[in-house]
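Enquirer: using only what follows, build the 3D model:
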Amino acid sequence: MALNIKPLADRVIVEPVAAETQTASGIFIPDTAKEKPQKGKVVAIGNGKKDEPLTVKVGDTVLYGKYAGSELKFEGKDYLIMREEDILAII
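Expert: Sure thing, here's the model as predicted:
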């Protein structure tokens with residue numbers, strides 16, 4: 001997927017994974033009760049800071065904080081743009 005946005009410095013663009021629609025026991029979750037996803041796929045990265053290269057790379061699946069990043073809508077898709085330090089783990 002080619003994204004025409006290039007983040008600056010240590011910023012990363014993440015495409016959130018769709019929220020769960022059904023629990024493990026089979027109960028369907030209504031749209032109003034769904035929680036914001038905390039998992040996503042990295043689609044673009046910046047160049048990093050001086051003397052601090054980025055750890056994540058394009059294509060990584062990551063976990064991030066619940067309220068991390070700024071929401072961005074580009075070409076009909078939702079993305080989050082955040083600093084690399086807001087990413088908690090690479091899955």
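
Enquirer: ok, now how distant is the residue lying closest to V17 once chain neighbours are set aside from L80?
Expert: Spatial nearest neighbour of V17, chain neighbours left out: K39 (4.8 Å); criterion: Cβ to Cβ, 6 or more residues apart in numbering. Using the backbone N, CA and C atoms, a C-beta is placed for each residue, glycine as well. K39 is 11 Å from L80, where distance means Cβ to Cβ, to the nearest Å.

Enquirer: specify the beta-bridge partners of the residue nearest to V17.
Expert: L63 (DSSP bridges).

Enquirer: check contacts around it.
Expert: 16-17, 61-64, 91 (Cβ atoms under 8 Å, 6 or more residues apart in numbering).

Enquirer: show the pLDDT at it.
Expert: pLDDT recorded at K39 is 93.

Enquirer: give me the common contacts of K39 and L80.
Expert: Contacts common to K39 and L80, judged by Cβ under 8 Å, 6+ apart, are 16, 64.

Enquirer: same question for the residue minimising distance to the centre of the chain, what's its three-state structure.
Expert: Closest to where the C-alpha atoms of the chain average out (Cα atoms, centre = their mean) is V14, at 2.9 Å. The three-state label given to V14 by DSSP: H, G, I helix; E, B strand; the rest coil is strand.

Enquirer: wait, it touches L80, no?
Expert: Yes. Between V14 and L80 there is a contact at 4.8 Å, judged by Cβ atoms under 8 Å.

Enquirer: which residues do these two both contact?
Expert: Listed contacts common to V14 and L80 are 40, 64, 69; contacts here mean Cβ under 8 Å, 6+ apart.

Enquirer: for the second one, what are its contacts?
Expert: With contacts defined as Cβ under 8 Å, 6+ apart, Y64 is in contact with 14, 38-40, 80, 82, 86-88.

Enquirer: can you select the buried ones among these for me in ChimeraX?
Expert: To isolate the buried members of the contacts of Y64 in ChimeraX, using 16 or more other Cβ atoms under 10 Å:
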select :14,38,40,80,82,86,87
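
Enquirer: fine, thanks again, bye for now.
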